[in-house]
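Enquirer: Make a model of this:
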Amino acid sequence: MEVVLNKDVKKLGFRGEVVEVKPGYFRNFLFPNGMADVATVSRKRVADSRKSKMAMRTEQVLENAREVLDKLKGLEVVLKEKVSDKGTLYAAVTEAEVIKAVSAVAKVDLDKSMIQMDHFKDLGDHDVVVTLGKGMEVTIKVVVEAA
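Expert: Coordinates of the predicted model:
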């Protein structure tokens with residue numbers, strides 16, 4: 001059955017798109033959560049008129065993402081953490097700490113979902129991948145030093 005999405009749905013489509021789904025998926029998940037409506041002729045017309053607006057908005061988002069990538073390219077962030085006598089950190093460095101440090105250094109607000117990293121508990125240099133979309137990745141260096 002054809003439906004018009006009211007919200008972005010992961011692995012299905014973006015707001016305003018007309019997509020084909022199984023009736024049970026629509027009836028039990030999409031419709032009760034307000035994520036989609038049945039694709040009538042009038043709703044399809046409205047969805048088509050929104051596509052041009054969405055294309056302009058998407059282009060602006062891509063342009064902003066490129067600017068952010070340029071700011072992050074080659075960025076090195078230094079974190080000072082408490083360490084034990086053995087040289088290991090008392091607490092692991094998490095995405096939240098990296099986001100806070102990047103915000104302070106580069107004036108860029110990132111989301112936790114944009115950062116791909118393992119939590120690390122040792123001193124030294126660590127590479128963290130920041131993903132802003134399809135094909136838009138940059139690696140930043142996080143240096144952990146003893147406080």
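
Enquirer: Go through whatever helix or strand Val77 lives in and flag the buried ones.
Expert: Assigned by DSSP states H and E, Val77 falls within strand 76-81. Within strand 76-81, the residues that qualify as buried are 77, 79, 81, counting by 16 or more other CB atoms under 10 Å. The C-beta positions use only the backbone N, C-alpha and C, and glycine is treated the same way.

Enquirer: Then stretch 16-24?
Expert: For stretch 16-24, by 16+ other CB under 10 Å, it's 16-19, 21.

Enquirer: So which of those is the closest to Asp125?
Expert: Checking these against Asp125 by CB to CB gives Glu17 as the nearest, at 42.6 Å.

Enquirer: pLDDT value on Ser52, please?
Expert: The model reports Ser52 with a pLDDT of 73.

Enquirer: That one: how many residues sit nearby?
Expert: 9 (other CB atoms under 10 Å).

Enquirer: Please parse the chain into its domains.
Expert: Domain ranges of the chain: 2-64, 73-146, per automatic domain parsing.

Enquirer: I'd like the distance from the first one to the chain centre, please.
Expert: It refers to domain 2-64. 20 Å (CA atoms, centre = their mean, to the nearest Å).

Enquirer: Name the residues that touch stretch 18-36?
Expert: Stretch 18-36 is touched from outside by 1-7, 9, 12-13, 37-39, 44, 47, with contacts defined as CB atoms under 8 Å, 6 or more residues apart in numbering.

Enquirer: Can you give me the first-to-last residue distance of that stretch?
Expert: 9 Å (CA to CA, to the nearest Å).

Enquirer: and if you look at stretch 74-88?
Expert: Across stretch 74-88, first to last residue, CA to CA, it's 26 Å.

Enquirer: from the middle of its chain, how far away would it be?
Expert: 26 Å.

Enquirer: I'd like the mean pLDDT over that stretch, please.
Expert: Mean predicted lDDT for stretch 74-88 stands at 88.

Enquirer: Helices of the chain, residue ranges please.
Expert: 23-25, 41-72, 95-106 (DSSP state H).

Enquirer: is it possible to export those to a markdown table including distance to Val143?
Expert: Below are the helices of the chain laid out as a markdown table (distance: least, CB to CB, whole Å):
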| stretch | distance to Val143 |
| --- | --- |
| helix 23-25 | 47 |
| helix 41-72 | 15 |
| helix 95-106 | 10 |
